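**Student:** fold the following for me, if possible:
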Amino acid sequence: LVDKSAQLLQENQKDLAAARSAGLTGAFVERLTLTEDLIKSMAQGLEEVALLPDPVGEIARIERRPNGLMVGRMRIPLGVIGFIYESRPNVTVDAAGLCLKSGNAVILKGGSEAINSNMALVGILVEAIKEAGLPGHAVQLIPSTERHAVNLLLELDQYVDLIIPRGGEGLIRFVAENSRIPVLKHYKGVCHIYVDESADLSTAEEICFNAKVQRPGVCNAMETLLVHEKVAPRFLPSMLGRFKEAGVEIRGCTKTLQIFQGISAAQESDWSEEYLDLILSVKVVSSMDEAIEHIEVYGSNHTEAIITENYGRAHEFLTRVDSSVVLVNASTRFNDGNQLGLG
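**Tutor:** Next comes the predicted model:
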């Protein structure tokens, strides 16, 4: 990948030019863009996956039954994975690497906007796979840009063992509703950070800024900031000012509007919105209970974080919040396979 970065960037430019001509949003173009640094990161990600323990054949939880049988769980490949995703070319590499590491073949169907980038990436991957002595067909890309190709893939239950959709809520719901194959899914990433009354506010500011601004177009970016009313008057002026300087549009509750001027009023729909852009909803809450209730009502069970110096409240937040990853004093951006050591 690194050696052929010039070729990849050239093909990616074709996709970027088409996206801009089509009037696609800045956030969309950002997700579509490849850079030399991103290509290096993709290559590093593959190397990290390669160094992970081989999961295939691992046996766990062995126990002897009263009838004398030894029973255990063995991890085995699923078979053929259908991976359907949108405009992120780096997902092509991530999906191929993880499927190969786990002993699975993969059929990739990326978004039509990234067709040139994806074809170039898969060509390089297949070449490397063959050089390693593996079947080149272990990684395949559906080269069609037609939406109908997705429908056809979803009907191949005789050949494909699992479908994994990755992208916006609309795509994932379409796949879930139309697939004859089992689907592994989550619909969207409405991620929250709750700044507790005992939070170190300078730490909270750095974590929140990273969670929103570093890469706003990804599913583990913060979409809603919840702040305890006891620290809101001290925390929000500096925090929201910094966000505004970074180009973030703020949509606040009534109490937030009283503390910080020049921002929009949040609507009911904002609390459940996955913006995937430099937009943030902000709510002042009276307690951690109210923060957790808000997350339960409007969240998507993806990633939530609490910023606090109180061990008891941190532990309570961890045990009460029902999401795939719950963090203490860390950015939601850490919900990433490589960062968690899972590949």
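
**Student:** going forward, measure contacts and count neighbours with C-alpha atoms only.
**Tutor:** Will do.

**Student:** which elements pack onto the helix-or-strand element of the chain with minimal mean pLDDT?
**Tutor:** Ranked by mean pLDDT, DSSP states H and E, the helix or strand of the chain with the weakest confidence is helix 26-32, at a mean of 87. Under the contact definition 3 or more C-alpha pairs under 8 Å, 6 or more residues apart in numbering; DSSP states H and E, helix 26-32 sits against helix 5-21.

**Student:** care to break this structure down by domain?
**Tutor:** By the record's domain assignment, the chain is partitioned as 5-57+72-178, 191-334 (automatic domain parsing).

**Student:** where's the residue nearest the centre of the chain relative to Met74, distance?
**Tutor:** Among the residues of the chain, the one closest to the centroid is Cys219, at 3.9 Å (C-alpha atoms, centre = their mean). According to C-alpha to C-alpha, to the nearest Å, Cys219 stands 32 Å off from Met74.

**Student:** picking up where we left off before, take the domains of the chain and write them to a markdown table, including distance to Lys185.
**Tutor:** Putting the domains of the chain into a markdown table (distance: least, C-alpha to C-alpha, whole Å) gives the following:
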| stretch | distance to Lys185 |
| --- | --- |
| domain 5-57+72-178 | 6 |
| domain 191-334 | 11 |
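
**Student:** which of those sits closest to Leu342?
**Tutor:** When the domains of the chain are compared by C-alpha to C-alpha, domain 5-57+72-178 sits nearest Leu342, at 7.9 Å.

**Student:** how long is the closest one end to end?
**Tutor:** Start-to-end, domain 5-57+72-178 (C-alpha to C-alpha) is 37 Å.

**Student:** stretch 60-80 now?
**Tutor:** With C-alpha to C-alpha as the measure, the first residue of stretch 60-80 is 24 Å from its last.

**Student:** now do it: distance to the chain's middle.
**Tutor:** 32 Å (C-alpha atoms, centre = their mean, to the nearest Å).

**Student:** now what about that stretch, what contacts it?
**Tutor:** Here stretch 60-80 makes contact (C-alpha atoms under 8 Å, 6 or more residues apart in numbering) with 55-59, 102-107, 159-162.

**Student:** in PyMOL, select just the buried ones from those residues.
**Tutor:** The following PyMOL line selects those of those that are buried, judged by 16 or more other C-alpha atoms under 10 Å:
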select buried, resi 102+103+104+105+106+107+160+161+162
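
**Student:** which two of the contacts of stretch 60-80 lie the greatest distance from each other?
**Tutor:** Farthest apart among these by C-alpha to C-alpha are Ile59 and Ile107. That separation is 27.7 Å.

**Student:** which residues are in contact with stretch 286-296?
**Tutor:** 192, 194, 196, 226, 228-230, 285, 317, 320-322.

**Student:** rerun that using 10 Å as the cut-off
**Tutor:** Under the criterion C-alpha atoms under 10 Å, 6 or more residues apart in numbering, residues 190-197, 224-230, 271-272, 283-285, 299, 301, 304, 306, 313, 316-317, 320-323 lie in contact with stretch 286-296.

**Student:** any quick ChimeraX command for the buried ones out of the residues you listed?
**Tutor:** Here is the ChimeraX command that selects only those of the contacts of stretch 286-296 that count as buried (16+ other C-alpha under 10 Å):
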select :190,191,192,193,194,195,196,197,224,225,226,227,228,229,271,272,283,284,285,299,301,304,306,313,317,321,322,323
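
**Student:** in helices, which of the contacts of stretch 286-296 fall?
**Tutor:** If you go by DSSP state H, the contacts of stretch 286-296 have 313, 316-317, 320 in helices.

**Student:** could you dump those residues into JSON lines and include pLDDT and distance to Arg234?
**Tutor:** As requested, the ones in helices among the contacts of stretch 286-296 are exported to JSON lines (pLDDT from 0 to 100; distance: C-alpha to C-alpha, whole Å):
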{"residue": "Arg313", "pLDDT": "98", "distance to Arg234": "21"}
{"residue": "Glu316", "pLDDT": "98", "distance to Arg234": "25"}
{"residue": "Phe317", "pLDDT": "98", "distance to Arg234": "23"}
{"residue": "Arg320", "pLDDT": "98", "distance to Arg234": "27"}
